[in-house]
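[1] my questions concern the predicted model and sequence given below.
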There are 2 protein chains.
Amino acid sequence: MIRIGDFSKLSRVSIKALRLYDEMGLLKPIEVDRFTGYRYYEFDQLPRLYRILALKDLGFSLEEIGRLLEEEVSVEQMRGMLKLRQAEIRQRVEEETARLERVELWLREIEQEDSMSRYDVVIKKIEPMMVASVRGVVPTPPDQRSLWDELMGYLQQTDARMMGPPMAIYHDPEFKERDWDIEVVMPLNEDLAPSGRVQVYDLPGAEKMACVVHTGPFAMIMEAYNALAKWIDQNGYQIVGPGRELNLRLPDTPGDQNDPNTVNEIQFPVEKAG
Amino acid sequence: MIRIGDFSKLSRVSIKALRLYDEMGLLKPIEVDRFTGYRYYEFDQLPRLYRILALKDLGFSLEEIGRLLEEEVSVEQMRGMLKLRQAEIRQRVEEETARLERVELWLREIEQEDSMSRYDVVIKKIEPMMVASVRGVVPTPPDQRSLWDELMGYLQQTDARMMGPPMAIYHDPEFKERDWDIEVVMPLNEDLAPSGRVQVYDLPGAEKMACVVHTGPFAMIMEAYNALAKWIDQNGYQIVGPGRELNLRLPDTPGDQNDPNTVNEIQFPVEKAG
DNA sequence: CTTGACTCTCCTCTTGGGGAAGAGTGTATA
DNA sequence: TATACACTCTTCCCCAAGAGGAGAGTCAAG
């Protein structure tokens, strides 16, 4: 019978850890003095302790180890736990590898541009939402104001409330000089009857939306588009649907392309390129 | 100015997290009502929040992000942090990959033997220790008793105290039928004068010792050696020095090869095989 | 005025222990 | 035998990045 300090030195496991394993039932001392509380161990408890360490080394939590050490665990159950652990570790290796690539991407960017990009892209999940919209073909993006007038004119006759920022959806799959297929959209709290060109429907969500925010003159929003497109490509994604342009903060004078306080968010649904 | 709930919905960051970022100084609301404590945000705070998310995605801790977001951080410092992060992630990938291999090893073993090995190997660091020892060539391992008699006879004349379990060091680099080069060793608390074949010196430690415990009849200790040798090989290590055999619990009748309560630990210094 | 949706702070919980405080024990020496 | 010193005990607080909940206060619409 040896005391906890000697058992700790022998096994190279800290006294703290030994007390924890006792408390969790992983390794009970062979005897505990009822008056002093001193823990006494035996040498032949070392194999069990080493098994605990070996399982910990495989990445099992102490709680899992507790279950694995119970006598009733069959070889079959053991195999199941190991398979599970295997899958978890594989996933973590994948995640860390992907993260490593992202870090290296930042590094390359910083080396080339000698500065940090203004734009940071995040992947978000967007839920479906009830919207009213007007879709039409207009010569150039600024001409979408006519669509907005039409939509807002209709909404002002109703008592529906805006449930989020207004946005524009660009339906053209490719860039065009003229005649853009644009849908202007307003999230709502309730289902309204459609009217004329105004539709009311459930705008689908997206599992992964690559999003970037542009602040400053609207005239320079193409920089944000470029940064987003570059990010999507370099991070192994591809665009799988029409992009959205959220108007988070409108210019003080409507239509002003140079208001420095304008805020827009650009969103593109993406998937991992296979 | 929008409230925390709307800012949370917009950014897909939980209210809890936003409050934490406020508290940590990563992203302060543009205004906090002095009477109600309500936090108010502005849309143009989104880019900073997205930068926080992007850095978090690279694996930086919130504290590191706090430093990285300070204005004074130069591109040079940023590059330094990224390089550091890169190295850390690489190491973690390596560790997880090695762990994955260990799990797969367990799985293969369980498939082949249809049971779990009795022996679990752990890697420990062993510190140097002051010892007294007698080294000699004896016909077979059991004949080491003559060496023990010599060592103990000397020690009993002194007032030195045993500072750990007695052990035997097997100096032969390869297995031999007869004439083993064995050193019997006793850890001490003080430096004594050598005498005859008894040496007193600082037994070197080892960064990595592969250790396994054998309980039960000493006659079957070869199983433990075999399991340890197999483990060392399969886990990509190699033996880089003589092995030690610690006598943790001696048989009740000295020399009894069949006492089921005997406990020994076998240790081999190892290194990762290159 | 009430209701329902929001928001606030404060508390506890998560892993695997580390560090320290304050009190009690064991043993070797003076 | 008294004391010094090493050892051990329990209990509390700490880590990261929030999640969950309690209880109380706030906001806007009907």
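    On my side now, so go ahead.

[2] report the buried residues of stretch A:9-27.
    Within stretch A:9-27, the residues scored as buried using 16 or more other C-beta atoms under 10 Å in any protein chain shown are A:L10, A:S11, A:V13, A:A17, A:L18, A:Y21, A:D22, A:L26, A:L27. In short, each C-beta sits where N, CA and C put it, glycine included.

[3] is the last one in a helix, a strand, or coil?
    Translated: A:L27. Using DSSP: H, G, I helix; E, B strand; the rest coil, the structure places A:L27 in coil.

[4] per-residue pLDDT of it, please?
    Each residue has a pLDDT score; the one for A:L27 is 97.

[5] tell me who's in contact with it.
    Residues counted as contacts of A:L27 (C-beta atoms under 8 Å, 6 or more residues apart in numbering or on different chains) are A:L18, A:Y21, A:Q45, A:R48, A:L49, A:I52.

[6] and the buried residues of stretch A:9-27, which of them are in strands?
    Secondary structure assignment by DSSP state E places none of the buried residues of stretch A:9-27 in strands.

[7] farthest-separated two in the residues you listed?
    A:L10 and A:L26 (17.2 Å; C-beta to C-beta).

[8] wait, is A:A210 part of a strand?
    Yes. Residue state for A:A210 (three-state DSSP) corresponds to a strand.

[9] going by secondary structure, the closest residue to A:Y41 other than its chain neighbours is in what exactly?
    In space, and not counting its chain neighbours, A:Y41 is closest to A:F7: 4.2 Å by C-beta to C-beta, 6 or more residues apart in numbering or on different chains. Counting by DSSP states H and E, the element that carries A:F7 is helix A:4-11.

[10] is DNA strand C within reach of that helix?
    No. Using C-beta under 7 Å from any atom of the strand, helix A:4-11 stays clear of DNA strand C, with a minimum separation of 9.6 Å.

[11] export that helix as PDB, just CAs?
    The C-alpha atoms that make up helix A:4-11 are tabulated as PDB, following Å, rounded to 0.1, in the frame of the first residue of the first chain:
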ATOM      1  CA  ILE A   4      -1.000   9.100  -3.300                       C
ATOM      2  CA  GLY A   5       2.300  11.000  -3.700                       C
ATOM      3  CA  ASP A   6       4.300   7.900  -4.300                       C
ATOM      4  CA  PHE A   7       1.700   6.500  -6.700                       C
ATOM      5  CA  SER A   8       1.800   9.800  -8.500                       C
ATOM      6  CA  LYS A   9       5.600   9.700  -8.800                       C
ATOM      7  CA  LEU A  10       5.500   6.100  -9.900                       C
ATOM      8  CA  SER A  11       2.900   6.600 -12.600                       C
END
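
[12] tell me how far the residue lying closest to A:S8 once chain neighbours are set aside lies from B:P165.
    Spatial nearest neighbour of A:S8, chain neighbours left out: A:I15 (4.8 Å); criterion: C-beta to C-beta, 6+ apart. Distance, A:I15 to B:P165, by C-beta to C-beta, to the nearest Å: 19 Å.

[13] same check on A:K176?
    Distance from A:K176 to B:P165, by C-beta to C-beta: 83 Å.

[14] between the two, who's got more neighbours?
    Neighbour count, other C-beta atoms under 10 Å in any protein chain shown: between A:K176 and B:P165, B:P165 has more, with 20 against 12.

[15] need the max-distance pair from the contacts of A:L27.
    Spatial extent of those (C-beta to C-beta) is set by the pair A:L18 and A:R48 at 11.9 Å.

[16] what's A:A54 sitting at in phi/psi?
    phi -60, psi -40 (degrees, to the nearest 10).

[17] give me the pLDDT value at the residue in the stretch 51-200 of chain A that DNA strand D sits nearest to.
    Nearest residue of the stretch 51-200 of chain A to DNA strand D: A:D159, at 6.9 Å (C-beta to the nearest atom of the strand). Note for A:D159: predicted pLDDT of 82.

[18] assign it to helix, strand or coil.
    coil.

[19] the one 5 residues further on too?
    Here A:G164 takes the coil state, with states given by three-state DSSP.

[20] can you name the residues bridging to the nearest residue to it once chain neighbours are set aside?
    Nearest residue to A:G164, sequence neighbours excluded (C-beta to C-beta, 6+ apart): A:P187, at 3.9 Å. Beta-bridge partners recorded for A:P187 (DSSP bridges): A:V131.

[21] sketch out the low-pLDDT regions of the stretch 151-274 of chain A for me.
    Within the stretch 151-274 of chain A, no range satisfies pLDDT under 70.

[22] show me where the stretch 1-150 of chain A has strands.
    Using DSSP state E, counting those that start in this stretch, the strands of the stretch 1-150 of chain A run over A:2-3, A:31-32, A:39-41, A:122-126, A:129-138.

[23] residues touching stretch A:31-44, excluding its own?
    Contacts with stretch A:31-44, where a contact means C-beta under 8 Å, 6+ apart, come from A:1-4, A:7, A:10, A:18-19, A:22, A:29-30, B:215, B:248-249, B:261, B:263.

[24] separate out the buried members of these.
    Applying 16+ other C-beta under 10 Å to the contacts of stretch A:31-44 flags A:I2, A:I4, A:F7, A:L10, A:L18, A:D22, A:P29, B:T215, B:L248, B:R249, B:V263 as buried.

[25] from those residues, which single one is nearest DNA strand D?
    A:I4 (4.4 Å).

[26] tell me the contacts of the closest one?
    Residues in contact with A:I4, defined by C-beta under 8 Å, 6+ apart, are A:I15, A:L18, A:R19, A:P29, A:Y38, A:R39, A:Y41.

[27] what sits closest to it if chain neighbours are left out?
    A:R39 (4.9 Å).

[28] for the stretch 151-274 of chain A, just list every one of the helices.
    Under the criterion DSSP state H, counting those that start in this stretch, the stretch 151-274 of chain A contains helices at A:221-234.

[29] near chain B, which residues of it?
    Residues of the stretch 151-274 of chain A lying near chain B by C-beta under 8 Å from any C-beta of the partner chain: A:G164, A:P165, A:C211, A:V212, A:V213, A:T215, A:L248, A:R249, A:N261, A:V263, A:E265.

[30] 10 Å - rerun?
    Proximity of the stretch 151-274 of chain A to chain B, by C-beta under 10 Å from any C-beta of the partner chain, involves residues A:163-165, A:209, A:211-216, A:231, A:246-249, A:260-265.

[31] do I have it right that A:A210 meets A:R244?
    No. Under the criterion of C-beta atoms under 10 Å, A:A210 makes no contact with A:R244, lying 11.0 Å away.

[32] list residues touching both of those two?
    Listed as contacting both A:A210 and A:R244 by C-beta atoms under 10 Å, 6 or more residues apart in numbering or on different chains are A:I266, A:Q267, A:F268, A:P269.

[33] mind listing which of the residues you listed are in strands?
    Using DSSP E, A:I266, A:Q267, A:F268, A:P269 are the members of the shared contacts of A:A210 and A:R244 that sit in strands.

[34] tell me, what's the model's pLDDT at the residue of chain A most remote from its centre?
    What lies farthest from the middle of chain A is A:F35; by C-alpha atoms, centre = their mean that is 54.2 Å. Here the pLDDT value assigned to A:F35 is 92.

[35] ok, back up a step: now render the buried residues of stretch A:9-27 as JSON lines, adding distance to DNA strand D.
    Below are those laid out as JSON lines (distance: C-beta to the nearest atom of the strand, whole Å):
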{"residue": "A:L10", "distance to DNA strand D": "11"}
{"residue": "A:S11", "distance to DNA strand D": "13"}
{"residue": "A:V13", "distance to DNA strand D": "12"}
{"residue": "A:A17", "distance to DNA strand D": "12"}
{"residue": "A:L18", "distance to DNA strand D": "8"}
{"residue": "A:Y21", "distance to DNA strand D": "12"}
{"residue": "A:D22", "distance to DNA strand D": "8"}
{"residue": "A:L26", "distance to DNA strand D": "15"}
{"residue": "A:L27", "distance to DNA strand D": "13"}
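
[36] mean confidence for the longest helix seen in chain A?
    Longest helix in chain A, counting residues (DSSP state H): helix A:75-113. Averaging pLDDT along helix A:75-113 gives 94.

[37] just checking, what packs against it?
    helix A:62-69, helix A:221-234, helix B:46-57, helix B:75-113 (3 or more C-beta pairs under 10 Å, 6 or more residues apart in numbering or on different chains; DSSP states H and E).
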